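[1] A predicted structure for the sequence below; I have some questions about it.
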Amino acid sequence: MAIFQRSAFAHGYRHGYEEGYHAGDMDVNMGRRPRTKLSEFHGISLRYSPEFGAKKSFEAGFQEGLKAGYSDGFVGRKFRAVENLRFMASALDLNPAPNDPTNEYFDQGVSAGYDQGRSEGEREFSASGRLVIHLGGCGQFHPLKPQGLDALGSFCDGYRRGYVLGEADAVALSPDLSLSARK
């Protein structure tokens, strides 16, 4: 899937989701109490490889995926990571933008968009009890390095895709299992 080649965050998210879903399913089937802190997860393999991209970004995605997957597995929701990531990656070109040859800004956008989408989705869901998925904009965001302003289009493409994934996770990370707020 092109999203994994272009975003270390998305790649990490997928691995973390799989690990979390399995752990949540095992915990509920073994009659264990839910884990509510990231520090309670021992022996879970990151499965990181340098060809995935920036390790920090991969790790951040892994943690977010772990939380969402664990919540889904523990409460018995379907495994939704593949479907959500396919939606997120729809019409994504496998090749990086010419002004972002390493996908650095695209990946930063995915991470920033995920955080913003999850935050806004949680706020909307807690206020109304429902969530309407919509595309976020990235007007107030820009790449972290000033010399990268020419790569704003790549950042914004990643941001919009990450935003959708973050919003979808807002429901999975609702207060029924408050793993999202604790470390």
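    Yep, it's here.

[2] average pLDDT for the helix of greatest length in the chain?
    In the chain, assigned by DSSP state H, the helix with the most residues is helix 104-128. Computed over helix 104-128, the mean pLDDT rounds to 85.

[3] Could I get the buried residue list for that helix?
    By 16 or more other C-beta atoms under 10 Å, the buried positions in helix 104-128 come out as 104-118, 120-122, 124-125. For every residue, glycine as well, the C-beta is placed using N, CA and C.

[4] same for that helix, what does it pack against?
    helix 8-29, helix 55-75, helix 152-172 (3 or more C-beta pairs under 8 Å, 6 or more residues apart in numbering; DSSP states H and E).

[5] any idea of the angle that helix forms with helix 8-29?
    40 degrees (axes from the mean of the first three to the mean of the last three C-alpha atoms, to 10 degrees).

[6] now do the same end-to-end measure for stretch 38-47.
    17 Å (C-alpha to C-alpha, to the nearest Å).

[7] Could you list the low-confidence segments of this structure?
    The model of the chain has pLDDT under 70 over residues 125-137, 139-150, 174-183.

[8] What separation do you get for the nearest residue to G117 once chain neighbours are set aside and S111?
    Once flanking residues are discounted, G117 sits nearest to G166: 2.9 Å by C-beta to C-beta, 6 or more residues apart in numbering. According to C-beta to C-beta, to the nearest Å, G166 and S111 sit 9 Å apart.

[9] Out of the helices and strands packed on helix 104-128, which gets nearest to K37?
    helix 55-75 (10.4 Å; C-beta to C-beta).

[10] Which parts of the closest one count as buried, going by neighbours?
    Buried residues in helix 55-75 (16+ other C-beta under 10 Å): 57-74.

[11] Check which helices and strands the helix or strand following it sits against.
    Using DSSP states H and E, the next helix or strand after helix 55-75 towards the C-terminus is helix 81-89. Contact analysis of helix 81-89 by 3+ C-beta pairs under 8 Å, 6+ apart lists helix 2-6, helix 8-29, helix 55-75, helix 152-172 as its packing neighbours.
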